[in-house]
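1. The following block contains a protein sequence and its predicted model.
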Amino acid sequence: MSETLRPGLERRLKSEVQGDIRFDRFTRGRYATDASHYQIMPLGVVAPRTIDDAARAIAIAREDGVSVLARGGGTSQCGQTVNASLVIDCSKYLNRIVEIDVEGRRCTVEPGIVLDDLNRALKPHGLWFPVDISTASRATIGGMTGNNSCGARSMRYGNTRENVISVNAVLADGSTATFGPASPSLAEFPPSSPMASLASDLLALGAREADEIEKRFPKVQRRVGGYNLDAFLPGRNDLNLAHILIGSEGTLGFTTQVELKLAPLLGRRAVGACHFGRFYDAMDAAQHIVRLKPIGVELIDRTMIELAREIAIFRPTLEQFVRGAPDAILLVEFGEEDHDENLRRLKRLGELMGDLGYAWTNSGAKQGGVVEVLDPALQVQITEVRTSGLNIMMSMKEEGKPVSFVEDCAVPLEHLADYTARLTAVFEKHGTRGTWYAHAGAGCLHVRPVLNLRLEKDVKAMRAIAEEAFAMVRDYKGSHSGEHGDGIVRSEFHEFMFGKRLVRAFEEVKTRFDPDGLFNPGKIVHAPKFDDATNFRFKPGYRGEDIATKLDWSAWPGAGGGFQGAVEMCNNNGACRKIEGGVMCPSYRVTRDERDVTRGRANSLRFAVTGQLGPDALTSDEMAETMKLCVSCKACRRECPTGVDMARMKIEVQAARAARFGFSLRDRLVGWLPRYAPYAARVPWLMNARNVVPGAAWLSERIAGLSARRTLPRWRRDVFRDADAGVRGEQDRTVVLFADTFNRYFERENLDAAIAVLTAAGHAVEVARPADGNRRALCCGRTFLSVGAVDQARAEAQRTLAALVPFVEQGVPLIGLEPSCILSFRDEIPALVRTEAAQKLASLALTFEEFLLRAHKAGRLDLKLKPMPRRALVHGHCHQKAFDAFAPVQAVLKLVPELAVEILESSCCGMAGAFGYGDDTIDVSLAMGELSLLPAVRKAPEDAIIVADGTSCRHQIHDGAGRDAVHVARVLAGCLVNSK
């Protein structure tokens, strides 16, 4: 890959356009893919600051003879947003709300605004944009307009085309125009104006092809293929010129503003989870269920249910609404204003299932019925499972993956069961199987056959399956492109589906708007073959380089002991680009840069380990920059539906770079902290001098890269020693307390408090002592891992395991206070030390709160606590959230009488261990804290208790908000009946 293909273009853009202009190999690689299986290297990427900057960039591209590709969230599943073009990324800066007209129920926005962000702004006004697509947390309005996106509730609200009032666009000649409602006479436009001429030509084309449009265009709601020529049929009184741009996939112009229709927020809803013992019967039942007029009927099949059960974030939800082992579930949602009417329809749904012969007492195909879901919180959780369908399906770890190419064909409901049965037979004929989910009520199912496109035979099978599937769809008078657009996948088949005459008409539209092919060429018309393997992400012969890795990646296929396969679990669907909710991906929430999101990092890693970025890419400075803002929060481990664990991958990158270049002074100060801590504690006055001696902080920044704007943790002489624990309580209720480095040397009060609570509850508390005769305290290896010193981390882990073996053999719980340390025993240590003892210890390692809650639920927690009539505002550590260990924090605090526990809706605090101390990362660290945590703490009443289990979290709260936060152990210790 050439470093810069167009140096002259790059120089002009940087001199004339405000924004981010990048032509480096890593950036281009990150924009070479979308959520499809295609990969095409762009020329460069521009993230313009303003609409005027975008227009200028387009003009420069036109003058330089290169094409332009507008891009939003990059979540397209058909290859719409990959091309050998100059990419204009609208998502970073062009994301403003121009106007909200509450009374008129309309708003105007720039193209890069994300749907969820828009709806959050509209919610206080009681409104929303109701095209509720599954990628709402990252899909932009511009992308939805270009794709004519639909949603789960399209049965009520329709698709994007039916909810857009007007579109402003820059056209190929550089002019701007507004496309919106118009009269059939076009009297609004001066006869000599360019818009009058363009509109007149479109109306003439619609009139000329009226008979063919009537004959060939499918009569189903879910049709987004080709250009919307049906909008220009004669005699229409609702002419809207914007419809030609909607669904055009950026091939006709560059959208600058979109005016949207808004709808009142949905009120209380009723959901029925209809269970079916046989998939075919579920498909057949859909036509009967829609007569009850639900607002959505969504499918999840057995494969999706089974895969979702293996994903920690979804498992608890499935346990609440899935009964037994159904072959398919239809989620039927009623959303009328009168909630009593919703309940009546839900009852009729149960009666309908009974009429169809279903009962829970039956066996086989007719076993089933309706699980009623009325709890709004559970409804939201079920929606999250359903909208994650694609990612859940892609969580398969083998090289074969569900591939999108007959993804969203739509057929009339009366044919849905037969269509799915016939298509299943086609899959079986070609030696594969399909995964099914999504919009059963609209006759549009997301189906993906499992194929490995690295193999020639599977590429041939893809062609055969596509041709047979589309022939079926045509026979049923359905749509081959029902929701996700044309792109590279379906554009080739327009002539087969629409006929030559209409395809020539599509080509006329493209030529009229864009005669020189400036905008996203090769989509909708003049398309490449959909199975041209040169455009594949994983093409035949694709393989990884033979790289040595330090951790265990054996659960995945590919080079590097499976490291390649783990990286390739990223399917580019972009769930990590969400800005609110959960934790992933905190640095991206600050920078809004594709480089700093899990998807961007995974793409860079994939390119590096397969040699597509040149030699030594894995250890290059560019890769170091790519990984620098990853704070190892582990949120992706839980929240990424395909399980991309970037925190663990970062360790491999750091280890490889350290092997090539060695460790920096800052790396050694951070990583080797457990080794020198015993000596530092002997001279705390010397170690603390950096914080108080004038100029010392500045010097540490220059020499070690530790920001002068941060004070370092304060060393103390009265450190926690193993002997301070002793053995108290009942011997048959022994627990082992893991005294981590941070609490041991800097905040021993937390360990003392934990011991007080555990012994008050009747437990004998021991602290494991080294078994090697060395008096240095045990360590989990966390600090070494944070700088890529894997061998040192492994040595520490082995040393600790040796000391804990006697307790492990007896099944004694290991309890820790610092989440990042204790949870290392459940995550990294089993990947470092592949022994039975390490695996068993992983099951015994518990956070302080997990242990107490477990004891409480078992009726074994005899803990007498005094009332505390105060508020406790609780911030969750990222690793607690990643391992589902945050709920116990809340539950344990609620054991304190009269303590009002409130959860701070916060992402990563931003400190993230040493990350917040770096002179090159402190700005992002502080900005991450300002996203939600620090403002919330500042607003807290003075008498409120701020609770945070993480050492780093407490430091960030102190530095950024001027408040002291405490560990849960100290809260409980202060409430003990015998405490002072």
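-> Yes, it's here.
2. State the distance from Leu899 to Cys975.
-> Counting by CB to CB, to the nearest Å, the gap between Leu899 and Cys975 amounts to 8 Å. (Glycine included, C-beta is placed from N, CA and C.)
3. Please apply the same query to Glu942.
-> 20 Å.
4. Between those two, which is the more surrounded one?
-> Cys975 (21 against 5; other CB atoms under 10 Å).
5. Quick one: residues contacting that one.
-> 865-868, 896, 899 (CB atoms under 8 Å, 6 or more residues apart in numbering).
6. Same check on Val966?
-> 945-948, 954.
7. Out of those residues, which is nearest to Gly544?
-> Of all the contacts of Val966, the one with the least separation from Gly544 (CB to CB) is Ala948, at 40.5 Å.
8. Surely the closest one is in contact with His958?
-> No: using CB atoms under 8 Å as the test, Ala948 is too far from His958 to be in contact (9.9 Å).
9. coming back round to it: any idea which of the contacts of Cys975 is closest to Gly226?
-> Leu899 (61.8 Å).
10. what separates the closest one from Ala887, distance-wise?
-> The value you get for Leu899 to Ala887, if CB to CB is used, is 17 Å.
11. next one: Val597
-> Taken as CB to CB, the span from Val597 to Ala887 is 27 Å.
12. Likewise for Ala969?
-> 17 Å.
13. between the two, which one's more packed in?
-> Of the pair Ala969 and Ala887, Ala969 is the one with more neighbours under other CB under 10 Å, namely 25 against 16.
14. list the contacts for that one?
-> When contacts are counted by CB under 8 Å, 6+ apart, Ala969 touches 750-751, 753-754, 757, 817, 848.
15. Tell me how many other residues crowd Trp553.
-> As a burial measure, Trp553 scores 23 neighbours (other CB under 10 Å).
16. Mind telling me what element it is part of?
-> Under the criterion of DSSP states H and E, Trp553 resides outside all helices and strands.
17. With the one 10 residues further on instead?
-> Secondary structure assigned from DSSP H and E places Phe563 in helix 563-567.
18. chain center to that helix: distance?
-> Centre-to-centre, helix 563-567 and its host chain are 18 Å apart (CA atoms, centre = their mean, to the nearest Å).
19. In CSV, list the C-alpha atoms belonging to it.
-> Only the C-alpha atoms of helix 563-567 are listed here, as CSV (Å, rounded to 0.1, in the frame of the first residue of the first chain):
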residue,chain,number,x,y,z
PHE,A,563,-4.7,-13.9,17.5
GLN,A,564,-5.6,-13.2,13.9
GLY,A,565,-9.0,-14.9,14.3
ALA,A,566,-9.7,-12.9,17.5
VAL,A,567,-9.0,-9.7,15.7
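20. Give me the next element, helix or strand, following that helix.
-> helix 586-591.
21. Contacts for that following helix next, please.
-> 576-577, 579, 596-598, 629-631, 633, 635, 878, 907-908, 910, 924, 927-928, 931.
22. and if we set it to 6 Å?
-> 579, 596-597, 629, 633, 907-908, 924, 927-928, 931 (CB atoms under 6 Å, 6 or more residues apart in numbering).
23. and if you look at stretch 371-387?
-> 134, 271-273, 298, 308, 314, 317, 320-321, 323.
24. now swap in stretch 892-906 and tell me
-> Here stretch 892-906 has contacts from 849, 852-853, 865, 867-869, 871-875, 890, 932-933, 936, 975, using CB under 6 Å, 6+ apart.
25. and Ala169, that one's in a strand?
-> Yes: checked against DSSP: H, G, I helix; E, B strand; the rest coil, Ala169 lies within a strand.
26. Name the nearest residue to it, sequence neighbours excluded.
-> Residue nearest to Ala169 in three dimensions, not counting chain neighbours: Gly253, with 3.7 Å by CB to CB, 6 or more residues apart in numbering.
27. Please report how far the one you found lies from Gly485.
-> 17 Å.
28. Count the neighbours of the residue nearest to Ala169 for me.
-> 26.
29. swap in Asp64?
-> Neighbours around Asp64, by other CB under 10 Å: 14.
30. residues contacting it?
-> When contacts are counted by CB under 6 Å, 6+ apart, Asp64 touches Leu9.
31. Just the pLDDT for it.
-> pLDDT, Asp64: 95.
32. could you measure it against Leu43, distance?
-> On the measure of CB to CB, Asp64 and Leu43 end up 9 Å apart.
33. So Ala466 versus Asn572, what's the distance?
-> 21 Å.
34. cool, and Ala756?
-> Relative to Asn572, and taking CB to CB, Ala756 is found at 50 Å.
35. With Ser907 instead?
-> Applying CB to CB to Ser907 and Asn572 gives a distance of 22 Å.
36. distance of the spatially most central residue of the chain from Asn163?
-> Residue closest to the mean C-alpha point of the chain, counted by CA atoms, centre = their mean, is Ala575 at 1.8 Å. Using CB to CB, Ala575 is found at 24 Å from Asn163.
37. for Arg854, same thing?
-> Taken as CB to CB, the span from Arg854 to Asn163 is 49 Å.
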